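Novice: sequence? don't have it. structure:
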């Protein structure tokens, strides 16, 4: 029983470490891949991909066949498209 608890604590510690590093790396990047941009913006990857190919997003950078998403552009777009809730 004690070994099981120790093993679970080790796995959770590793998970927190990986998650923290992932978040730190995302904060430092300027161009995000599709999956990272979707997480950053809080929308599904499919929706972000569709909006990018419909040219509805001004912050998409084409890198050959790949799409990259500019962080500053995402921040600006989110700010412009966020509606204030009235009390």
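Specialist: Perfect, I can see it now. No experiment lies behind these values; they were computed from the predicted model shown.

Novice: Distance check, residue 6 against residue 13.
Specialist: 11 Å (Cβ to Cβ, to the nearest Å). (C-beta placed from N, C-alpha, C; glycine too.)

Novice: what's the answer for residue 47, then?
Specialist: Distance from residue 47 to residue 13, by Cβ to Cβ: 34 Å.

Novice: can you check residue 50 too?
Specialist: 38 Å.

Novice: swap in residue 35?
Specialist: 24 Å.

Novice: How about residue 61?
Specialist: 36 Å.

Novice: Residue 57 too?
Specialist: Counting by Cβ to Cβ - residue 57 and residue 13 are separated by 38 Å.

Novice: who's more crowded, these two?
Specialist: residue 57 (18 against 10; other Cβ atoms under 10 Å).

Novice: Point out where the protein drops to low pLDDT.
Specialist: For the chain, the stretches with pLDDT under 70 are 1, 21-28.

Novice: Let's see that with 90 instead.
Specialist: 1-30, 61-66, 80-87 (pLDDT under 90).

Novice: where along it do the strands fall?
Specialist: 31-32, 60-63, 66-70 (DSSP state E).

Novice: In TSV: those, plus distance to residue 19 and mean neighbour count.
Specialist: Compiled in TSV, the strands of the chain are given as follows (distance: least, Cβ to Cβ, whole Å; neighbours: other Cβ atoms under 10 Å):
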stretch	distance to residue 19	mean neighbour count
strand 31-32	17	18
strand 60-63	26	13
strand 66-70	21	18
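
Novice: Residue 45 contacts residue 33, doesn't it?
Specialist: No. Using Cβ atoms under 8 Å, residue 45 is not in contact with residue 33, being 10.0 Å away.
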